[in-house]
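S.K.: below are the sequence and a predicted model for it; my questions follow.
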Amino acid sequence: MTQSEVSVRREIPARDSLDWERAIAQMGLDAQVQLLPYALGFFGICLPVFVIAAGYAPNAAWLAACLGLYGLNWAVFYAIIDWRKRNRPSIENVRLHTAVHIAAGLLWALAILQTSYFSQGSGLLSEVLLVLCAGGAIGVIFFSSPSLPSLLIVGPASAVGPIMSLRTNPETAQTGLLVLCGTALAMALALILNRHLRGHFALALEREGLLVEREGTLNETRKLAKSKSDILATLSHEIRNGLSGVAHVLAGALGAGSRGAPSREQLKAALAAARDLVEVLDATLDSEVAESGRLSVKPKPIDAGGLIQDIALLHRGAASAKGLEISAHVDSALSDAAGAALADSARARQILNNLVGNAVKYTLRGRIELRAFRPSTDRVRIEVVDTGPGLSEAELAKAFEPFERVARTGAGVPGAGIGLALSRRLASLMGGELGAESAPGVGSRFWLDLPWDETAELPETSLAPRPQPAERALRVLIAEDDQLNAAMLRAVIEQLGHKVLCVADGQRALDLINMGELDLVMVDGRMPVMDGPEMVRRLRALPTAAARVPVVAVIGGDAEEALEMTAAGADSVLRKPVTVTGVARAVADAAQRRDREETVRAA
């Protein structure tokens with residue numbers, strides 16, 4: 001089976017459904033058409049019978065009618081072939097095609113009936129010619145056998161003429177009985193053949209279903225392989241370039257051996273490059289999760305007007321650095337309307353951050369504007385309009401393809417080329433839609449449509465307090481074998497005003513705990529020499545007061561690792577990459593726990 005054939009038949013009906021029977025009937029009609037050349041040849045051989053019978057025609061009018069009927073049959077067969085080329089049989093029109101086939105078969109039955117009528121007056125040859133007409137009827141039965149309706153209707157109709165002609169004549173009645181028995185036998189064999197063909201057609205349908213399923217699996221495999229290849233190519237290019245950039249900037253900041261402090265510009269450049277890398281990784285991972293169907297959203301009422309104000313404020317610094325003006329406008333009708341937009345707040349922010357971030361990256365001069373309004377009673381629209389380079393229709397379509405970037409506008413601009421494709425998928429998951437229009441040299445307008453519920457109520461918002469320096473400095477031990485993670489944790493904890501010791505394995509951490517009193521231990525789950533769970537178990541087994549020190553497990557996100565750490569005695573769990581808020585909360589909880597224990601001991 002060729003690729004085109006598989007693409008035509010994309011859906012195979014269920015085995016016990018009515019469409020399955022229609023598909024079998026369609027294949028029977030196709031088999032009849034395949035037999036058509038042989039049928040024409042068969043009736044061509046029968047022409048001598050007609051010529052002999054025509055010699056006994058009672059008048060020229062009957063002879064002309066007989067000739068006309070045979071000619072009509074041939075014309076009808078060729079017309080059916082042409083008609084089928086223009087009207088391919090399908091499950092939906094199988095009844096029409098069956099009716100056409102039956103009508104064409106009845107024309108041949110009528111021709112045999114007419115020939116039988118002529119053969120009755122052929123004298124000594126009458127019996128022979130009628131038997132030959134019966135043979136023609138058996139031929140019609142055979143060629144009707146692939147289609148059961150045709151066989152049941154056309155078969156008996158074609159045999160009526162010669163059998164009745166033989167049976168009505170006392171001299172040929174015995175021969176008529178034999179012809180009747182032979183025709184009945186031929187009909188029984190044709191029914192058996194039809195049953196065999198139906199089984200063959202069923203196997204062919206099942207085989208085709210397997211081929212279609214295999215083709216679908218192969219397409220999914222190719223799609224997955226391409227996705228993996230695109231991910232590897234993107235990560236290889238973006239992360240290699242990004243890390244190289246960070247390394248060069250940091251090397252320059254160190255002054256290649258100079259004792260001078262790194263400049264603010266150098267550190268800002270390294271930070272910007274690192275953030276670009278995080279964005280690429282986040283977008284790539286989200287895209288892969290979405291592609292596998294494991295990405296879920298939780299739509300809730302959100303404040304669309306407040307959202308675009310926050311997004312504009314977030315990107316104002318980057319826009320101002322390029323000399324761009326950025327503004328947000330909320331339609332008064334939206335502000336006064338009852339209800340709220342429904343969306344996953346984090347995902348809606350992710351989409352708008354991507355749209356506004358793209359506008360800031362690609363717009364060289366002019367302005368960026370965010371608008372929120374209601375185009376209809378059940379939708380809210382958020383637009384991001386810029387005065388950037390603009391895109392043609394082909395470029396805009398390419399921009400929405402995963403891992404595709406527009407060379408004209410994307411040269412020299414970091415990115416993975418999956419932001420818009422991921423944003424469109426996220427919008428669809430939230431019941432919304434992401435669209436765009438653009439013109440080269442003028443700018444672009446992207447919009448996000450979200451559902452609007454007039455009965456929804458916005459939740460009361462409260463600002464989370466920013467982490468403040470601690471009133472009392474704690475002594476914190478970090479057991480982490482990854483130097484970068486250890487440095488991040490140390491920087492956050494010292495920023496909060498605490499003192500930090502760092503070790504690279506669990507055994508060294510236990511030695512330091514035994515040497516002096518500590519207020520908090522932060523432990524990685526996977527370390528050399530002694531891993532996190534073993535270290536915590538030994539810590540809790542100590543006979544001294546150190547066994548009660550608060551322990552925070554810092555893990556890579558594995559649920560099994562989290563269970564191991566809590567089962568060993570860890571008080572709480574932080575997942576990497578850690579945030580300032582998360583570390584501050586964990587340290588604050590440890591400080592409170594320590595204070596309570598000191599209060600209990602003092603009492």
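M.R.: In hand now; what should we look at? Numbering: from 1, shown residues only.
S.K.: what ranges does the stretch 251-400 of the chain have for its strands?
M.R.: Using DSSP state E, counting those that start in this stretch, the strands of the stretch 251-400 of the chain run over 300-302, 325-330, 340-343, 367-376, 379-386.
S.K.: note down every partner strand of the last one and its orientation.
M.R.: Within its sheet, and counting by DSSP bridges, strand 379-386 is paired with strand 367-376 (antiparallel), strand 443-453 (antiparallel).
S.K.: neighbouring contacts of the first one?
M.R.: In this structure, residues lying in contact with strand 367-376 by CB atoms under 8 Å, 6 or more residues apart in numbering are 304-305, 307-308, 311-312, 315, 319, 324-331, 333-334, 337, 352, 356, 359-360, 380-387, 449, 452. Backbone N, C-alpha and C define where each C-beta goes, glycine included.
S.K.: for it, list the C-alpha coordinates in PDB.
M.R.: Once non-C-alpha atoms are left out, strand 367-376 reads as follows in PDB (Å, rounded to 0.1, in the frame of the first residue of the first chain):
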ATOM      1  CA  ARG A 367       6.700  52.100  21.500                       C
ATOM      2  CA  ILE A 368       5.000  49.000  22.900                       C
ATOM      3  CA  GLU A 369       1.400  49.100  24.100                       C
ATOM      4  CA  LEU A 370      -0.600  46.700  26.100                       C
ATOM      5  CA  ARG A 371      -4.400  46.900  25.900                       C
ATOM      6  CA  ALA A 372      -7.200  45.000  27.700                       C
ATOM      7  CA  PHE A 373     -10.800  45.100  26.600                       C
ATOM      8  CA  ARG A 374     -13.800  42.900  25.900                       C
ATOM      9  CA  PRO A 375     -14.500  42.200  22.200                       C
ATOM     10  CA  SER A 376     -17.600  40.200  23.200                       C
END
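S.K.: in a markdown table, list the strands paired with strand 379-386 along with mean neighbour count and distance to Leu177.
M.R.: Below are those laid out as a markdown table (neighbours: other CB atoms under 10 Å; distance: least, CB to CB, whole Å):
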| stretch | mean neighbour count | distance to Leu177 |
| --- | --- | --- |
| strand 367-376 | 18 | 81 |
| strand 443-453 | 21 | 79 |
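S.K.: any chance of these in CSV, with distance to Glu127 and mean pLDDT too?
M.R.: As requested, those are arranged in CSV below (distance: least, CB to CB, whole Å; pLDDT from 0 to 100):
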stretch, distance to Glu127, mean pLDDT
strand 367-376, 84, 91
strand 443-453, 84, 91
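S.K.: for Glu561, which of those strands is the nearest?
M.R.: Glu561 lies closest to strand 443-453 among the strands paired with strand 379-386, at 37.4 Å (CB to CB).
S.K.: before we move on, back to that, pipe the strands paired with strand 379-386 into a markdown table and attach distance to Gly497 per row.
M.R.: Formatted as a markdown table, these follow (distance: least, CB to CB, whole Å):
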| stretch | distance to Gly497 |
| --- | --- |
| strand 367-376 | 38 |
| strand 443-453 | 42 |
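S.K.: of those, which approaches Gly44 most closely?
M.R.: Across the strands paired with strand 379-386, closest to Gly44 is strand 443-453 (CB to CB), at 67.9 Å.
S.K.: can you tell which of the strands paired with strand 379-386 is closest to Glu208?
M.R.: Comparing the strands paired with strand 379-386 by CB to CB, strand 443-453 comes nearest, at 40.9 Å.
S.K.: state the next helix or strand along the chain beyond the helix or strand of the chain with the lowest mean pLDDT.
M.R.: Ranked by mean pLDDT, DSSP states H and E, the helix or strand of the chain with the weakest confidence is helix 3-8, at a mean of 40. Next in sequence after helix 3-8, counting helices and strands by DSSP states H and E, comes helix 18-45.
S.K.: sort out which residues of that following helix are buried, please.
M.R.: Buried positions in helix 18-45, judged by neighbour count with 16 or more other CB atoms under 10 Å: 20, 22-30, 32-33, 36, 39, 42-43.
S.K.: so which of the strands of the stretch 251-400 of the chain is nearest Ile513?
M.R.: strand 300-302 (44.6 Å).
S.K.: what strands line up against that closest one, and which way round?
M.R.: According to DSSP bridges, strand 300-302 forms sheet pairs with strand 340-343 (antiparallel).
S.K.: in PDB, list the C-alpha atoms belonging to the strand it pairs with.
M.R.: The C-alpha trace of strand 340-343 is given here as PDB (Å, rounded to 0.1, in the frame of the first residue of the first chain):
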ATOM      1  CA  ALA A 340     -13.600  38.200  35.600                       C
ATOM      2  CA  ALA A 341     -11.400  36.500  33.100                       C
ATOM      3  CA  LEU A 342     -10.700  32.800  33.600                       C
ATOM      4  CA  ALA A 343      -7.100  31.600  33.200                       C
END
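S.K.: where do the helices sit along the stretch 351-500 of the chain?
M.R.: Along the stretch 351-500 of the chain, the segments classed as helices by DSSP state H, counting those that start in this stretch run 393-399, 407-410, 419-429, 483-495.
S.K.: now do the end-to-end distance for stretch 163-182.
M.R.: 11 Å (CA to CA, to the nearest Å).
S.K.: before we move on, what about stretch 162-178?
M.R.: End-to-end distance for stretch 162-178, by CA to CA: 12 Å.
S.K.: before we move on, what about stretch 321-338?
M.R.: Termini of stretch 321-338 sit 38 Å apart (CA to CA).
S.K.: residue ranges with poor pLDDT in the chain?
M.R.: 1-11, 43, 46-47, 49-67, 122-123, 223-297, 402-418, 460-472, 557-559, 597-603 (pLDDT under 70).
S.K.: which residues does the closest residue to Glu127 other than its chain neighbours contact?
M.R.: The shortest distance from Glu127 to any residue other than its chain neighbours is 4.9 Å, reached at Thr172 (CB to CB, 6 or more residues apart in numbering). Contact partners of Thr172, counting by CB under 8 Å, 6+ apart, are Ser126, Glu127, Leu130, Ser165, Leu166.
S.K.: which of those residues lies closest to Met187?
M.R.: Ranked by distance to Met187 (CB to CB), the contacts of Thr172 are led by Leu166 at 16.8 Å.
S.K.: quick check: that closest one touching Gly182?
M.R.: No. Judged on CB atoms under 8 Å, Leu166 makes no contact with Gly182 at a distance of 11.3 Å.
S.K.: and for these two, which residues touch both?
M.R.: Going by CB under 8 Å, 6+ apart, residues that sit against Leu166 and also against Gly182 are Ala134.
S.K.: those two: which has the busier surroundings?
M.R.: Comparing Leu166 with Gly182 by other CB atoms under 10 Å, the one with more neighbours is Leu166, at 27 against 16.
S.K.: would it be right to say that the more buried one lies in a strand?
M.R.: No. According to DSSP: H, G, I helix; E, B strand; the rest coil, Leu166 belongs to no strand; its state is helix.
S.K.: residue contacts, it?
M.R.: Per CB under 8 Å, 6+ apart, neighbours of Leu166: Glu127, Leu130, Val131, Ala134, Thr172, Ala173, Thr175, Gly176, Val179.
S.K.: out of those, which are buried?
M.R.: By 16+ other CB under 10 Å, these give Glu127, Leu130, Val131, Ala134, Thr172, Thr175, Gly176, Val179 as buried.
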